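A.B. asks: model this:
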Amino acid sequence: MRARRESREGLATVVLRGPLTLGEAPDRLLETVRSLLTQGFQRIQLDASRIPYADARGLGAIAECGSWALAAGAEFSVAGASGMLREELQITGLPCEPRGDSRAASGAAARRSGPSSTRPFLRVVRTGAA
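C.D. replies: Numbering: from 1, shown residues only. You can find the predicted model right below:
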């Protein structure tokens, strides 16, 4: 698993390559997102376009990153999920927007989480062709 950080216009993007499975990969994701939140980033996006699949530990790490962001008043999103990873995210009930419309994803997730929630902790968007 290789990780890279990019930031522009207030958005920090975490780019991972390889399966997000038990071992080093989920820990690297968690460490990176924790660091970005500590640095004060309010928008963090996981570029999942190069993650073919995730196991329970990997999916848990994604959800944990979202929870941390929510607690910090920030937003965490997943972009570019496709194939098996996209199916895994959908099966686990994580919000997923097929076309990358963040307003639609935010509204749908807020409706699912109930009236007391004003923003989603996790937004999954798909980029590129269908």
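
A.B. asks: which residues touch residue 47?
C.D. replies: Remark: with contacts taken as Cβ atoms under 8 Å, 6 or more residues apart in numbering, residue 47 is in contact with 13, 14, 15, 16, 79, 80. Any C-beta I mention is one placed from the backbone N, CA and C, and that applies to glycine too.

A.B. asks: out of everything not next to it in sequence, what's closest to it?
C.D. replies: If you skip the residues right next to it in sequence, residue 47 has residue 15 as its closest partner in space, 4.5 Å away by Cβ to Cβ, 6 or more residues apart in numbering.

A.B. asks: what's the answer for residue 11, then?
C.D. replies: Residue 11's closest residue in space is residue 43 (Cβ to Cβ, 6+ apart), at 4.6 Å.

A.B. asks: what about the one you found, distance to residue 62?
C.D. replies: When Cβ to Cβ, to the nearest Å is the yardstick, residue 43 and residue 62 sit 16 Å from each other.

A.B. asks: go on, residue 77?
C.D. replies: Plainly put, residue 77 is 10 Å away from residue 62 if you go by Cβ to Cβ.

A.B. asks: so which of residue 43 and residue 62 has more stuff around it?
C.D. replies: Using other Cβ atoms under 10 Å as the criterion, residue 43 and residue 62 rank with residue 62 on top: 28 against 17.

A.B. asks: give me the element that one is part of.
C.D. replies: helix 56-71 (DSSP states H and E).
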